[in-house]
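Trainee: please find the sequence and the predicted model below.
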Amino acid sequence: MQVFTHTPPNPEKLLNNRYRILQSIGSGGFGETFLAEDTQMPSGRRCVIKQLKPSVNRPEIYSLIQEQFRREAAILEQLGEKSDRIPRLYAYFEEEEQFYLVQEWIEGETLTTRIQRLGRLSEAEVKEILLGILPILHRIHKQGLIHRDIKPDNIILRHPSGKPVLIDFGAVKETMGTMLNSQGNPTASILIGTPGFMASEQAVGYPLYSSDLYSLGMTAIYLLTGKTIKEMNIDRETGKILWHENVPNISRNFAAILDKAIQFYPRDRFSKAEEMYAALQTLPSPIPKTEPSLPPSTIIFPKPTASPKNKTSKLQFFHQLKDWQKATLVGVLTGAILGLGIAIPLKILFQQKSSEASTLAQQSNLPMSFYFIADSAFNDPEKAEQKRQDLIENGYSDAGLFWSPNYSNWSQHNSYKVYADWFETKSECEENLPEYRQFNPSAYCGFATK
């Protein structure tokens, strides 16, 4: 059996006659990862190239690896196209008996770097990260894949949105270690995972879907404590990790969810990602990093006519107001729009002067305060409007946006908030939120007043 040695690409040579290597950004047992630029794109788009090489040089194994590599590349392509939480696969190719994946370069910082730079995260921040990752794990598991290497180094907070992105799937690397057993059948010969974040069954070569949930739970504990398992106390009789003592103010229910995720026996954990997600959803919603503790004072932009499902209740709310309340509401809105015109170009507010009357009519359908399913925030009004149009095209006819002068987003600038729907009560918003989170896992219920 001949074992390959790894020879990094010549930086003067274009990989696949297209990709120029800029620098190495990581290496492992079966290859190396590079930052590269695509010379065939006008922008010279940067990308990440994973160079993978089989562990043994045997023709019968190479063909098996080739087939499996192509199959798993197709799955990565499908996953990346459906979510911005997984790097997109731009291309894959084979060259000089090595395999290459060309993936999206995620600008941002890993959770490890974040902890090193700012210290441990709050319970609310960790919960939001989990809620962002779990729907992705659900999709991955539905494809029959197990990530195998979830850890702080493999979760990047994308800049500038701050959304978590899951990188570095272990399945393709495991394929590179394929060998034949004594019966002549293909079998994995390597162990994928990281000590301290790897479940016991995975450590002996039998990963399960719940193994990924174990790794995610250990990642959450690292984010809360700033410590790895080696730095924490262990109950010598039960083997239980005594991490609570490092986060004295953690809520009991949140701690119980993490404790269940990291149970030693798989039968005692959450068996599926959606189970852990549902458990987190039962907890009180934390105030997102971008949302102030007090309701923001908002100025409402034009909004489409209410959809049939809630038009009646919203119109009834307005008609129930007394005449002086209606007059006051219209007056406040009129003054707000006039005042806003001083700070924002009029073309952003209205394309034609004749639309002002209909705009006020639409705005009058909104109560003085309301709850909304927040989708995203933008500094650029054109991007915010484009996002609103995208939501409408996807069936969210009540999608709207508003400018908030005291509502900072991740980049700490005032923002245009885009929402998918609005409601008169918090309970209505929370009832509709789980369904919408299938469309945008980061959505949450916000509150706004005029």
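Mentor: Great, that's in hand. Numbers count the residues shown, from 1 in each chain.
Trainee: what's the next secondary structure element after whichever helix in the chain runs longest?
Mentor: For the chain, the longest helix by residue count, based on DSSP state H, is helix 59-82. Following helix 59-82 in sequence order, the next helix or strand is strand 89-95 (DSSP states H and E).
Trainee: can you tell me what sits against the very next helix or strand once past that next one?
Mentor: Using DSSP H and E, the helix or strand that follows strand 89-95 towards the C-terminus is strand 98-104. When contacts are defined by CB atoms under 8 Å, 6 or more residues apart in numbering, strand 98-104 is touched by residues 15-16, 19, 31, 36, 38, 47-54, 65-66, 69, 73, 76, 80, 87-94, 172, 176. C-betas here are computed from N, CA, C, even on glycine.
Trainee: just the buried members of the residues you listed?
Mentor: 15, 19, 31, 36, 38, 47-54, 65, 69, 73, 76, 80, 87-93, 172, 176 (16 or more other CB atoms under 10 Å).
Trainee: contacts only, for residue 22.
Mentor: Residue 22 neighbours (CB under 8 Å, 6+ apart): 34-37, 46.
Trainee: please redo it, this time with the cut-off set to 7 Å
Mentor: Counting by CB atoms under 7 Å, 6 or more residues apart in numbering, residue 22 touches 35-37.
Trainee: for residue 214, same thing?
Mentor: Contacts for residue 214 (CB under 7 Å, 6+ apart) come out as 199, 261-262, 269.
Trainee: mind giving me the domain split of the chain?
Mentor: 19-104, 108-174+184-281, 299-449 (automatic domain parsing).
Trainee: put together CSV for these, with mean pLDDT on each row.
Mentor: Putting the domains of the chain into CSV (pLDDT from 0 to 100) gives the following:
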stretch, mean pLDDT
domain 19-104, 85
domain 108-174+184-281, 90
domain 299-449, 62
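Trainee: could you check the distance from residue 28 over to residue 87?
Mentor: Distance from residue 28 to residue 87, counting by CB to CB, to the nearest Å: 17 Å.
Trainee: go on, residue 95?
Mentor: The gap separating residue 95 from residue 87 is 21 Å, by CB to CB.
Trainee: could you do residue 272 as well?
Mentor: When residue 272 is compared with residue 87 (using CB to CB), they lie 24 Å apart.
Trainee: next one: residue 134
Mentor: 18 Å.
Trainee: okay, buried residues for stretch 433-448 please.
Mentor: Within stretch 433-448, the residues scored as buried using 16+ other CB under 10 Å are 433, 436-437, 440-448.
Trainee: name the nearest of those relative to residue 236.
Mentor: Using CB to CB, residue 441 is the member of those that sits closest to residue 236, with 39.3 Å.
Trainee: just checking, the closest one touches residue 132?
Mentor: Yes - in terms of CB atoms under 7 Å, residue 441 counts as a neighbour of residue 132; the distance is 5.6 Å.
Trainee: list residues touching both of these two?
Mentor: With CB under 7 Å, 6+ apart as the test, residue 441 and residue 132 reach no residue in common.
Trainee: and for residue 81, the neighbour number?
Mentor: 10 (other CB atoms under 10 Å).
Trainee: what distance do you get for the nearest residue in space to it that is not next to it in sequence to residue 54?
Mentor: Once flanking residues are discounted, residue 81 sits nearest to residue 88: 6.7 Å by CB to CB, 6 or more residues apart in numbering. Residue 88 sits 25 Å away from residue 54, going by CB to CB.
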